[in-house]
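>>> Quick check, what structure comes out for this input:
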Amino acid sequence: MNTLNQIEQFKKIKYELTRFMLIYKFALDEIETKIEILKQEFQSLHDYSPIEHTKSRIKSPESIMNKMLRKNKEFSLTAVKNSIKDIAGLRITCSFISDIYHVSEMLQKQDDLKILDIKDYIKNPKPNGYQSLHLLVEVPVFMSDCQEQVCVEVQIRTIAMDFWASLEHKIFYKYDQAVPEHLTRELKHAADSANALDLQMERLHREIKEIKDAQGEDSDEELRRIIINNQQFTLPANFIKLLGE
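Predicted coordinates:
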């Protein structure tokens, strides 16, 4: 193969790989927009959002290649798409365990999302103590010349679960996955403590809500105040009466 042909082939491979990675980036953009809409809706209408924050990532080409080699799979973009379902990942962090299932239900109700798989590591934690709710979601991405169905792995967990998972990952990375047995035991105990904290905070959250509900109606001034996109509006006193007529 002469140099000119090599250059053209490299350009073609670069184009196809760039397009492949962009599709996963666009899929993440789509689902992050959905999450942001839900977050703003709850903050505006309920003065509380079950979503604390999100974090997304896309596997690098090197990471994808290494995973295909470990799986002993042929290396083609079609094979990659069929074999690796977590190229695009989104982590949603919530305050309470009940929020996790609430967010999951809202995503499952969206008609343009197809839920391919659900793994509940909260009801069934991993042996090392790991807890999280995993959804494998198929997201439609509209390109200039076609529509692509793209898999995104969504992990939903509490702040305590996320803190534990982050620490566990750092320890395994430090010891190159050969973690001393006593640290493994300590990590499992820490996971149990994190779960106990989540359950305690869930009870407090429920009790506080019951107290708030028992306090009665909001003041007239609070009823007339709305906030849209961080901008506050006060409705005229007769506005609500006119709408109710």
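>>> Double-check residue 83 against residue 72; I have them as touching.
No: contact between residue 83 and residue 72 fails when scored by C-beta atoms under 8 Å: they sit 10.2 Å apart. Backbone N, C-alpha and C define where each C-beta goes, glycine included.
>>> could you say what helices and strands the longest helix along the chain packs with?
Among the segments of the chain that qualify as a helix by DSSP state H, the longest is helix 3-46. Counting contacts by 3 or more C-beta pairs under 8 Å, 6 or more residues apart in numbering; DSSP states H and E, the secondary-structure elements packed against helix 3-46 are strand 53-58, helix 77-83, strand 88-94, helix 97-108, strand 133-142, strand 147-158, strand 225-228.
>>> for those, which one sits closest to residue 34?
helix 97-108 (7.4 Å; C-beta to C-beta).
>>> quick revisit: pick out whichever of residue 83 and residue 72 has more residues nearby.
A count of neighbours by other C-beta atoms under 10 Å puts residue 83 above the other of residue 83 and residue 72, at 15 against 6.
>>> ok now do the closest residue to residue 50 other than its chain neighbours, which residues does it touch?
Using C-beta to C-beta, 6 or more residues apart in numbering and skipping residues adjacent in sequence, the residue nearest residue 50 is residue 99, 3.5 Å away. The contact partners of residue 99, by C-beta atoms under 8 Å, 6 or more residues apart in numbering, come to 50-51, 158.
>>> if I look at residue 161, how far off is residue 133?
The spacing between residue 161 and residue 133, counted by C-beta to C-beta, to the nearest Å, is 9 Å.
>>> what sits in contact with each of those two?
Here residue 161 and residue 133 have residue 122 as joint contacts, going by C-beta under 8 Å, 6+ apart.
>>> Neighbour count: these two, which is higher?
With other C-beta under 10 Å as the criterion, residue 161 and residue 133 differ in neighbour count, and residue 161 comes out ahead with 27 against 22.
>>> Need the nearest residue in space to that one, chain neighbours excluded.
Leaving aside its sequence neighbours, residue 161 is closest to residue 131 (4.9 Å, by C-beta to C-beta, 6+ apart).
>>> count of neighbours near the one you found?
Counted by other C-beta under 10 Å, the residues lying close to residue 131 total 24.
>>> before we move on, what about residue 198?
Applying other C-beta under 10 Å, we find 21 residues neighbouring residue 198.
>>> correct me, but it touches residue 98?
No: taking C-beta under 8 Å as the definition, residue 198 is not a contact partner of residue 98, at 10.0 Å.
>>> For residue 95, list the residues it contacts.
If a contact means C-beta under 8 Å, 6+ apart, then residue 95 has 50, 52, 158-159, 201, 205 as its contacts.
>>> if we go to 10 Å?
Residue 95 makes contact with 48-52, 158-160, 198, 201-202, 205, according to C-beta atoms under 10 Å, 6 or more residues apart in numbering.
>>> for residue 42, same thing?
Residues in contact with residue 42, defined by C-beta under 10 Å, 6+ apart, are 48-51, 99, 102-103, 106.
>>> try it again with 6 Å
Contacts for residue 42 were tallied using C-beta atoms under 6 Å, 6 or more residues apart in numbering; they are residue 49.
>>> Assign the closest residue to residue 108 other than its chain neighbours to helix, strand or coil.
What sits nearest to residue 108 in space, not counting adjacent residues and going by C-beta to C-beta, 6+ apart, is residue 115, at 5.5 Å. Residue 115 falls in the strand class when you classify it by DSSP: H, G, I helix; E, B strand; the rest coil.
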